[in-house]
Structure formats: C-alpha cells, structure tokens
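S.K.: Sequence and predicted structure below; questions after.
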Amino acid sequence: MPGLIGKNIGMTSIFLENGENIPCTIIQVGPCYIVQIKTIKNDGYSSIQLGVDEKKIKKTNKSLFNHFKKAGLSPKKKLFEFKMNKVSDLVLGDLIKIDLFKEGELVNIKGISKGKGFQGVIKRHNFSGVGERTHGQHNRLRAPGSIGAGSDPSRVFKGKKMAGKMGKKNVTIKNLKILKIDFDQNLIILKGSVPGNKNSYLMIQKKEWN
C-alpha cells in the first residue's frame with residue numbers, strides 16, 4: 001500500500017531522550033476502506049481509491065451512494081486516490097489500518113494549505129515596498145511600484161507578481177519523520193508541521209512510493 005488518509009488534529013511538542021524539545025503534529029489516521037480499484041484495462045492506469053469517516057446517507061447523492069454500495073460500504077466523507085502498480089491482490093471494501101506505518105519511517109504529506117485571502121505584494125511575494133520612511137511619507141509604503149512599461153507594450157505581462165489571493169493550494173511536505181504511533185487510537189505523531197487547518201484531511205504517503 002502506498003499510503004493512507006489522515007486528519008490533522010493539531011500541533012504539540014514532545015521531549016526526546018536527549019532532552020531536546022521537538023515541535024510535532026498529531027494526525028488521526030484512518031481507518032481507511034478500499035472504495036474503488038482502477039486497472040490499466042478498464043481505466044488506463046492502476047490505482048486505488050480510499051475512503052475515510054462516515055457520511056450521512058441523506059447528504060450523499062444517488063450516484064455516490066451507488067459507488068459506495070458497489071464496494072459494500074456505507075458512504076464515506078472523504079476520498080483520495082493513490083497510484084500503485086500492482087492492484088490484483090486487493091479486494092473492494094477491505095480495511096487498511098495504521099499498522100502500514102512504523103516508527104522512525106519517513107513519509108510525505110499532501111494537503112491543501114491555509115487560505116490567507118487577498119494579500120498585498122509584501123506578504124505574498126516578499127517585496128520590500130517603495131517610498132521613503134521619513135518626512136511624513138506614509139501613503140505608499142507598501143505599494144508594489146511600477147508594473148510595466150508605458151505605451152509599449154501597453155499591457156502587463158502574464159505572470160507579473162502582484163497582489164492577489166494567497167494560500168489554499170496543494171502542498172507536499174517531504175521526508176517528515178514518524179516519532180510515535182498510537183495503534184489503539186490510530187494516531188501518528190510527526191516531526192514538524194503539515195499543510196492545512198485543524199481537521200483538514202491529508203494524504204500520508206510512504207517515501208518509497210514517490
């Protein structure tokens with residue numbers, strides 16, 4: 001299996017044996033169920049679709065309900081797809097548990113970063129700002145400055161760094177170390193931070209699959 005689905009519980013810190021305090025993230029992992037198995041013959045590529053957390057039937061449309069029914073499962077709240085080469089040994093509806101991982105292992109975490117709304121160029125692109133900070137000048141301190149030439153080319157070039165919406169993008173954090181695993185509560189403690197808000201869903205991928 002290439003990985004599992006997890007939920008960001010929040011951050012904390014733990015002490016190592018040498019007394020070092022390490023910031024870490026607690027992730028609730030699974031339990032995940034195999035909702036769909038895609039093959040090269042039927043879909044053009046091979047992968048598995050995993051589902052996690054129960055969803056109310058009345059909040060599930062008919063097409064999705066039948067999708068889960070085909071696998072013999074109740075509706076799931078979140079679905080993620082993991083590409084893998086060999087899917088012949090897998091069975092629809094199978095339960096995949098946290099024992100897929102082990103302590104000390106390195107994993108990659110994929111998620112959607114926090115949305116920061118509309119931001120200026122200083123926060124979004126690390127601009128230094130324009131204008132003097134003296135003689136009562138306070139109107140244009142955080143302005144972007146010139147954004148292009150005049151009558152030629154009479155437009156702003158595509159890709160120009162300007163103010164705009166920031167965050168809420170797919171982000172992958174690589175090589176995060178698993179410090180501890182609580183098999184009873186399906187919890188993983190990772191060294192460092194992960195993308196997204198609390199209770200946001202994440203893809204936890206084993207390093208050798210990337």
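M.R.: Looks like it arrived, so ask away.
S.K.: where exactly do the helices run in the chain?
M.R.: For the chain, the helices defined by DSSP state H cover 40-43, 62-70, 121-125.
S.K.: Residues in contact with the shortest one: which ones?
M.R.: If you take C-beta atoms under 8 Å, 6 or more residues apart in numbering as the criterion, helix 40-43 is touched by residue 46. Any C-beta I mention is one placed from the backbone N, CA and C, and that applies to glycine too.
S.K.: Need the winner for burial among the helices of the chain.
M.R.: helix 121-125 (a mean of 16; mean count of other C-beta atoms under 10 Å).
S.K.: Geometric centre of the protein: which residue is closest?
M.R.: By C-alpha atoms, centre = their mean, the chain has its centre lying nearest to residue 111, at 0.6 Å.
S.K.: That one is in contact with residue 196, isn't it?
M.R.: Yes. Taking contacts as C-beta atoms under 8 Å, residue 111 lies within contact range of residue 196: 4.2 Å.
S.K.: who touches both of the two?
M.R.: 8, 202.
S.K.: Could you give the bridge partners of the residue nearest to the centre of the chain?
M.R.: residue 171 (DSSP bridges).
S.K.: That one and residue 179: what is the separation?
M.R.: 19 Å (C-beta to C-beta, to the nearest Å).
S.K.: same thing with residue 55?
M.R.: Relative to residue 179, and taking C-beta to C-beta, residue 55 is found at 31 Å.
S.K.: Likewise for residue 173?
M.R.: Going from residue 173 to residue 179 by C-beta to C-beta gives 15 Å.
S.K.: before we move on, back to that, residue contacts, the residue nearest to the centre of the chain?
M.R.: With C-beta under 8 Å, 6+ apart, residue 111 has these contacts: 8, 170, 171, 194, 195, 196, 200, 201, 202, 203.
S.K.: one more time with 6 Å
M.R.: 195, 196, 202 (C-beta atoms under 6 Å, 6 or more residues apart in numbering).
S.K.: Tell me which of those has the lowest pLDDT.
M.R.: Checking pLDDT across the contacts of residue 111, the minimum falls on residue 196 at 89.
S.K.: quick one on the thing from earlier: residue 140 is nearest to which of the helices of the chain?
M.R.: Evaluated over the helices of the chain, closeness to residue 140 peaks at helix 121-125, with 12.1 Å, by C-beta to C-beta.
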